[in-house]
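Engineer: For reference, the sequence and a predicted model appear below.
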Amino acid sequence: MEKMQLIVNGKRMDGRGLTDLRPLKIKAGVLNKADGSAYVEWGNNKVLAAVYGPRECIPRHDVNPYHAVVRCRYTMAPFCSMEEHGRSGPNRRSTEISKVIREVFENVVLAEHFPKTAIDVYMEVLQSDGGTRIAALTAAAVALADAGIPMKDIVCGVAVGKIDGQIAADFGKYEDNFGESDIPVALSQRTGEVLLLQMDGLLTKDELMKALDIAFEASKQVSELQIRALKERYAEKEAKGIAPARPAEGAQWQQ
Amino acid sequence: MEILDEVKKDFVKDIMRKGKRPDERGFEEYRPIVVEKGAIPAAEGSARVHLGQTQVLVGVKMGIGTPFADRPEEGVLSTNAELLPMASPTFEPGPPSPESIEIARVVDRGIRSANTIDLKSLFIEEGKVWMTFVDVYVLDHDGNLIDAAALAAAAALRTARQPKYEDGKVIHGEYSGPLKLGDDCVACTFAKIDSTNILDPSFDEEKAMDARLTIATTADRIAAMQKGGSGGYTRDEISQLADMAFRKGAELRSLI
């Protein structure tokens, strides 16, 4: 396949600048049965996330007496791409992604509040267009908050990398396929810590640091939209009279 | 919940607070490394790596297959890792665990990104290409399997020969020449214990770590990265570890 030019006059194929994100929409509370849920449309990605728990941990040998076990399952629908029919269920790629996403949430979820239980996070990529693991993680973080699971932060992220010799953010499918390097990053804006970091392609160290700087900056927008989605969800619940009571003015958090 | 693991974890953390490691190594020091090239002469390429008590064997085999639809003019690279039950009491027979898939995929990303194998040279004719199978066999697990596997894979590829191919058939045991290769890619893995980063964690140190960061490099480029564990890294830490990965990567490359 002929490699197409990805950047022309500083603009990308869809007209974006180097660090611009694709249109991102987040909605919290989209499923009925799940304890928490969220739907994310990020470019042409469509991702659904649901959270069950804390609930009884089955199988029992997974139980930890000191904290909840966080379990994550990222999968792609067989019809999610323009390419041929995929196989449903987990594969090697999705198993790796599920693992690195789980490690992110193990960092932020206050699991020690719920010993002997499981918190299950399910992520389904319904349509894929590059950067699906970060879209899934973004949805899952909102779904966890929607489920009322206490966390140290609502994790946000963005994929950065190198296309046509330039460092840029948030690649679509073509940029992903024909770019030189891809670096999915998830981080906690509160602590400034990188919680998910993967990379392929070839980069100098300076390019890597520049990419990380862009990731820190660009993911702020993701974080804002996550919080906005949760506020909208709370307002919705309050209007229906099903929201938990607001804490009294000046109330202190008590464990 | 392994009680002994918890005890060892405290032991490692206590020693680290005193600025030492359980085996007296420096924080930026590898365990002794031995690279045994061509350990399995029957395979197209092979190498066994001893990293302290950790032992990893990599075998390379080649065969004929069909290319991927989106890359019709390139050969196929397939990397797999087996955590043999003999290597550790924690490894059980059965389908591949997330850990083994992660090791294989990180090694694979390094080889692919660094263009260690010239996949274009593996094209035979339309719909027919060479497949290269890189199989990572973990024989003895004393920590840092990723670095040992990446080093063994790089060394095994250096010894690999391409089988003879005549009249549409592979002639096993005869070779047409060495496999066409680009840059070697080696991985450096750092474990973060409390707030200290140490190179090449042993099994016990891995039990105590909050997070790990693998940075795979060629001589002048970063080719793959993978963060593991639940801990986090600041921007400055990533920058420092990348510098160190280049320095230590040069040491590893000299062993191939």
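Structural biologist: Structure's in. What do you need?
Engineer: which non-adjacent residue is nearest the closest residue to chain A within the stretch 101-250 of chain B?
Structural biologist: Going by Cβ to the nearest Cβ, chain A is nearest to B:G232 of the stretch 101-250 of chain B, at 2.9 Å. Where you see a C-beta, it was placed from the backbone N, CA and C, and this is true even at glycine. Closest residue to B:G232 apart from its sequence neighbours, by Cβ to Cβ, 6 or more residues apart in numbering or on different chains: A:E193 at 2.9 Å.
Engineer: mind listing what the one you found touches?
Structural biologist: A:N107, A:L187, B:G232, B:Y233, B:T234 (Cβ atoms under 8 Å, 6 or more residues apart in numbering or on different chains).
Engineer: which of those count as buried?
Structural biologist: The neighbour-count test (16 or more other Cβ atoms under 10 Å in any protein chain shown) marks A:N107, A:L187, B:G232, B:Y233 as buried among those.
Engineer: What count of nearby residues applies to B:K164?
Structural biologist: 14 (other Cβ atoms under 10 Å in any protein chain shown).
Engineer: ok, A:A229 - contacts?
Structural biologist: Counting by Cβ under 8 Å, 6+ apart, A:A229 touches A:I26, A:K27, A:A28, A:A38, A:V142.
Engineer: again, only using 10 Å
Structural biologist: By Cβ atoms under 10 Å, 6 or more residues apart in numbering or on different chains, the contact list for A:A229 reads A:25-29, A:38-40, A:138-139, A:142, A:145-146.
Engineer: Strand partners (parallel or antiparallel) of the helix or strand where B:Q162 lies?
Structural biologist: Under the criterion of DSSP states H and E, B:Q162 resides in strand B:161-166. Neighbouring strands of strand B:161-166 in its sheet, by DSSP bridges, are strand B:169-178 (antiparallel).
Engineer: Going by proximity to chain B, name the top residue of chain A.
Structural biologist: A:E193 (2.9 Å).
Engineer: In strands only, show me the contacts of A:A229.
Structural biologist: A:K25, A:I26, A:K27, A:A28, A:A38, A:Y39, A:V40 (DSSP state E).
Engineer: is it true that the third one touches A:T138?
Structural biologist: Spelled out, that is A:K27. No - at 11.8 Å, A:K27 does not count as touching A:T138 under the criterion of Cβ atoms under 10 Å.
Engineer: All the strands of chain A, in order from the start?
Structural biologist: Going by DSSP E, chain A shows strands at A:7-8, A:11-12, A:24-28, A:36-42, A:45-56, A:69-76, A:117-127, A:156-163, A:166-169, A:181-188, A:193-203.
Engineer: Low-confidence regions, the chain specifically.
Structural biologist: Going with chain A. A:1-3, A:247, A:251-255 (pLDDT under 70).
Engineer: Chain B is the one I meant
Structural biologist: Those would be B:1, if you go by pLDDT under 70 across chain B.
Engineer: same thing but at 90, please
Structural biologist: Applying pLDDT under 90 to chain B flags residues B:1-6, B:70, B:89-90, B:92, B:94, B:167-169, B:172-173.
Engineer: Which strand or helix spans the spatially most central residue of it?
Structural biologist: Central residue of chain B (Cα atoms, centre = their mean): B:A150, 2.2 Å from the mean position. Of the helices and strands defined by DSSP H and E, B:A150 is found in helix B:145-159.
Engineer: touching chain A at all, that helix?
Structural biologist: No - shown here: helix B:145-159 not in contact with chain A (Cβ under 10 Å from any Cβ of the partner chain), separated by at least 12.7 Å.
Engineer: who does the residue of chain A closest to chain B bridge with?
Structural biologist: Beta-bridge pairing of A:E193 under DSSP bridges involves A:S188.
Engineer: Tell me which stretches of chain B form helices.
Structural biologist: Using DSSP state H, the helices of chain B run over B:3-17, B:98-113, B:145-159, B:203-208, B:235-253.
Engineer: Out of the ones you listed, which is closest to A:D62?
Structural biologist: helix B:98-113 (13.6 Å; Cβ to Cβ).
Engineer: Give me the longest helix you can find in chain A.
Structural biologist: Across chain A, the longest stretch assigned as helix under DSSP H is helix A:205-240.
Engineer: Residues of the stretch 1-150 of chain B that sit close to chain A?
Structural biologist: Counting by Cβ under 10 Å from any Cβ, the stretch 1-150 of chain B sits next to chain A at B:1, B:69-73, B:79-80, B:95-106, B:108-110, B:112-115.
Engineer: Surely A:I58 touches A:K116?
Structural biologist: No - with contact defined as Cβ under 10 Å, A:I58 does not reach A:K116; the gap is 11.4 Å.
Engineer: Nearest to B:K9 among the contacts of A:E193?
Structural biologist: A:N107 (17.6 Å).
Engineer: Was I right to think that closest one contacts B:K192?
Structural biologist: No - with contact defined as Cβ under 10 Å, A:N107 does not reach B:K192; the gap is 12.0 Å.
Engineer: B:A187: how many residues sit nearby?
Structural biologist: 30.
Engineer: do the same with B:Y165
Structural biologist: Counted with other Cβ under 10 Å, B:Y165 comes out at 16.
Engineer: beta partners for it?
Structural biologist: B:V170.
Engineer: cool, and A:I119?
Structural biologist: Bridge pairing for A:I119 - DSSP bridges - gives A:V70.
Engineer: re earlier: which one's more surrounded, A:I58 and A:K116?
Structural biologist: A:K116 (15 against 9).
Engineer: Can you tell me which of the helices of chain B is most buried?
Structural biologist: helix B:145-159 (a mean of 28; mean count of other Cβ atoms under 10 Å in any protein chain shown).
Engineer: Would you list the buried entries among the ones in strands among the contacts of A:A229?
Structural biologist: A:I26, A:K27, A:A28, A:A38, A:Y39, A:V40.
Engineer: hang on, isn't the first one packed against A:V222?
Structural biologist: Yes - proximity of A:I26 to A:V222 meets the contact threshold set by Cβ under 10 Å, at 8.4 Å.
Engineer: ok, back up a step: give me the phi and psi for the residue of the stretch 101-250 of chain B closest to chain A.
Structural biologist: phi -120, psi 170 (degrees, to the nearest 10).
Engineer: for it, what are its contacts?
Structural biologist: By Cβ under 10 Å, 6+ apart, the contact set of B:G232 is A:103-104, A:107-108, A:186-188, A:191-197, B:192, B:210-211.
Engineer: rewinding a little: so what sits against both of A:I26 and A:V222?
Structural biologist: With Cβ under 10 Å, 6+ apart, A:I26 and A:V222 have common neighbours A:V40, A:W42, A:A135, A:T138, A:A141.
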